[in-house]
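A.B. asks: sequence unknown, structure follows:
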């Protein structure tokens, strides 16, 4: 197990390195932050000076190496647009809010998917099953910005039960709508997977054996069936995380959630290279690490899997 | 004997599952399709209505305004703090430094804490004393200001002539990298005659000097505090204004202000203010309707009725100081031909677009200067909508079958910028001008602009912050703009150069007699008009959402200030 983890961590480093490199070259080739920064009427010498200060007048390969060397020390440079504040500090300042939203959305989708998928599978073809499946269809089809705004109109404007935007010092009220909006497509997909997974498993021989042994139905379903049905889910959840981190950008925009998504969009629009690169690094690293955790979870769920 | 369940049974069951799922899927889809049809059969996309009579440039709105006399009754309990909300973050570039910013939003927010010597009044024409109590022009190059006595900065420092000199000269120092340095670059020095008297001197006669002194960069900062270095502006704000900075954690977070009880004009009525930014238009409007914000700048045109009926807030409109227009790349075909430029102005059904796309929320102008700016030409009539004339001009120019034209624009910054560009293209196509809207991301548009790769129409918008024609006509149309832009390499959006025009605005720049000056500007605007140097459009109408608990009328210059507001407690 230890060897496996070490190997996976090395792979993680490679993946993050690849992502950061790709983004570096993409960014540097598509726009000039100095122009966007200085505004109208800037003197040419000013622009030349700023460019020199930021090191943007050096050849691309040299800039890349300098960047890597500094990044290895944790220094992603200073924000071009935010008065020289360290880029990584800006990102880490905002990242917890995004992480909170994303992880909550992830947990919510997994838990609710298990519950609804299970109920649907057990009460197959019933009214409950139909409703759940229809909702799942909607959840997967509705664009998340539409869903977000609809939720705001219903819960914030019409009923006034929940706030429509903001962080509110982390109060749970402010988390509900953004989390639901972010989780909806993933939740829908997972619910259907749980349902079909369970149906598949419930038809297996060992389930019949368990019932024949005289186990209570709840024991059969929860202890034997669900654990097996959950195996493919774990893979999907790992992948879903990527979609969640990406989708967070739109959700953050709609709900004015002070996360890293909005920060990154502003940075991209302003070609604030250091901030974009720091953000990409942080997000890529989280993604890879969480997937590692998910893979380790596999072994607990499925003893047949040997981490080799 | 009971049938033993076999693998075949399971397979059958699975097949049935899938079948039923598929049926349900189809049912679900047809349901969704039905809903989509219903939604699509709602109000169709607005087709631009051709209008003959141009709208008079008065305060516009097509929405019925409820009786303005009666103050709306607020519901519930009076809020604890006033929440002001904008749609764009602007502080992140220069943080809390009022003198190096150039954006209107930054100005509006920071002017709660900082103020200049003189301030423009709500009518945008009268200059009021602020930190200066009186002034007089001593000679062509000098204005003397008498300063208000007994005023203290938020940290206790005295406001006096030395502080004024420090504050005026600070943005002119290239080391401070003020974004708007060129607007104030004409100021050469400040002489401090005694504790409360200063002389502000310019290198050349400057008739707009007083107006420049109302500008953002000319706000007063505490000298000893500011001398700690520019980084102090990242965290603190020490001015003389009606509000003090209460809490600030960063440019992309909410922050709060507290009333300055020692303010020289008396403490403001509203004691606690929170500043929020909600970028998404729909959310901002929703938050206004749910009472989470009290004043929202820029709510959507379509929601004006909903807000007015909500019983909680009202939508208030005002003509805006901001004027959008399309720059014409006059150096490249097709618009290097005056006849074709005029054809575009005749064919662009501007009034129709105002009605259909902006629901009447704009006022037509024939120039790029607003009616309340110094130097506005009141007698120019906007180009009438005349498609036949446009076609005739095209025939004269040798292109009876039309020509290709790019309409370059960015999206999301101004009211309906995308819809306007698309409607404009539609209108031009009607006379045979093959206009194509070209949407670009802001960064890429800037790059293309700077490499002079754009041609055709280029969207521009100008919020003239000294309310004087010089700020627009010289800065955007004099050939020096074209020649020095981009370090001498020029750029697409500053293409115009006309020696006759140049001489007029140069003379106007140093002419101290207001009548002569107006004459120069009128002639200059006539040239732009006859030459069809731009596609002239309108002054925007700003739409604000105001909660019924707040008594406030919006200003034309986009300044949203808590010290001009009061709670509706009657």
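C.D. replies: Looks like it came in fine. All figures in this text were calculated on a predicted structure; none of them were measured in a lab.

A.B. asks: from residue A:118, how far off is the closest residue to residue B:121 other than its chain neighbours?
C.D. replies: Spatial nearest neighbour of residue B:121, chain neighbours left out: residue B:128 (5.2 Å); criterion: C-beta to C-beta, 6 or more residues apart in numbering or on different chains. In short, each C-beta sits where N, CA and C put it, glycine included. From residue B:128 across to residue A:118, the span is 71 Å (C-beta to C-beta, to the nearest Å).

A.B. asks: who has more neighbours, those two?
C.D. replies: Between residue B:128 and residue A:118, residue A:118 has the larger neighbour count (other C-beta atoms under 10 Å in any protein chain shown), namely 20 against 11.

A.B. asks: need the next SSE after the one helix or strand in chain B whose mean pLDDT sits lowest, C-terminal direction.
C.D. replies: Lowest by mean pLDDT, DSSP states H and E among the helices and strands of chain B is helix B:7-40, with a mean of 54. The element immediately downstream of helix B:7-40 (helix or strand, assigned by DSSP states H and E) is strand B:82-86.

A.B. asks: distance between that following strand and the chain's centre?
C.D. replies: Distance, stretch centre to chain centre, for strand B:82-86: 17 Å (C-alpha atoms, centre = their mean, to the nearest Å).

A.B. asks: ok, now stretch B:357-371?
C.D. replies: For stretch B:357-371, the distance to the chain centre is 13 Å (C-alpha atoms, centre = their mean).

A.B. asks: gap between the two ends of that stretch?
C.D. replies: Stretch B:357-371 has its terminal residues 23 Å apart, counting by C-alpha to C-alpha, to the nearest Å.

A.B. asks: for the record, mean pLDDT for it?
C.D. replies: Per-residue pLDDT values over stretch B:357-371 give a mean of 90.

A.B. asks: for that stretch, buried residues please.
C.D. replies: Applying a neighbour-count criterion of 16 or more other C-beta atoms under 10 Å in any protein chain shown, one finds B:357-370 buried in stretch B:357-371.

A.B. asks: just send the residues you listed back as a markdown table, with secondary structure and distance to residue B:111 too.
C.D. replies: What follows is those, written out as a markdown table (DSSP: H, G, I helix; E, B strand; the rest coil; distance: C-beta to C-beta, whole Å):
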| residue | secondary structure | distance to residue B:111 |
| --- | --- | --- |
| B:357 | coil | 32 |
| B:358 | coil | 28 |
| B:359 | coil | 31 |
| B:360 | coil | 31 |
| B:361 | coil | 26 |
| B:362 | strand | 26 |
| B:363 | strand | 26 |
| B:364 | strand | 31 |
| B:365 | coil | 27 |
| B:366 | coil | 32 |
| B:367 | coil | 28 |
| B:368 | coil | 26 |
| B:369 | coil | 24 |
| B:370 | coil | 20 |
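
A.B. asks: for those, which one is nearest chain A?
C.D. replies: When these are compared for distance to chain A (C-beta to the nearest C-beta), residue B:368 wins out at 15.4 Å.

A.B. asks: state the phi and psi torsions of that closest one.
C.D. replies: phi -110, psi 20 (degrees, to the nearest 10).

A.B. asks: which residues touch it?
C.D. replies: When the contact criterion is C-beta atoms under 8 Å, 6 or more residues apart in numbering or on different chains, the partners of residue B:368 are B:323, B:325, B:462, B:472-473, B:476, B:528, B:534, B:536.

A.B. asks: which of those residues count as buried?
C.D. replies: If you count burial by 16+ other C-beta under 10 Å, the buried members of those come out as B:323, B:325, B:462, B:472-473, B:476, B:528, B:534, B:536.

A.B. asks: any chance of CSV for these, columns distance to chain A?
C.D. replies: Compiled in CSV, the buried ones among the contacts of residue B:368 are given as follows (distance: C-beta to the nearest C-beta, whole Å):
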residue, distance to chain A
B:323, 16
B:325, 16
B:462, 10
B:472, 12
B:473, 15
B:476, 9
B:528, 20
B:534, 17
B:536, 21
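
A.B. asks: columns secondary structure, pLDDT and distance to residue A:187 on top of those, output as a markdown table?
C.D. replies: Compiled in a markdown table, those are given as follows (DSSP: H, G, I helix; E, B strand; the rest coil; pLDDT from 0 to 100; distance: C-beta to C-beta, whole Å):
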| residue | secondary structure | pLDDT | distance to residue A:187 |
| --- | --- | --- | --- |
| B:323 | strand | 88 | 48 |
| B:325 | strand | 91 | 48 |
| B:462 | strand | 78 | 48 |
| B:472 | helix | 84 | 53 |
| B:473 | helix | 87 | 58 |
| B:476 | helix | 84 | 52 |
| B:528 | helix | 92 | 58 |
| B:534 | strand | 92 | 52 |
| B:536 | coil | 92 | 52 |
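
A.B. asks: tell me where the stretch 101-250 of chain B has helices.
C.D. replies: Listed in chain order, the helices of the stretch 101-250 of chain B (DSSP state H, counting those that start in this stretch) span residues B:104-110, B:161-169, B:181-184, B:209-212, B:223-226.

A.B. asks: so which of the ones you listed gets nearest chain A?
C.D. replies: With C-beta to the nearest C-beta as the measure, helix B:181-184 is the member of the helices of the stretch 101-250 of chain B nearest chain A (4.2 Å).
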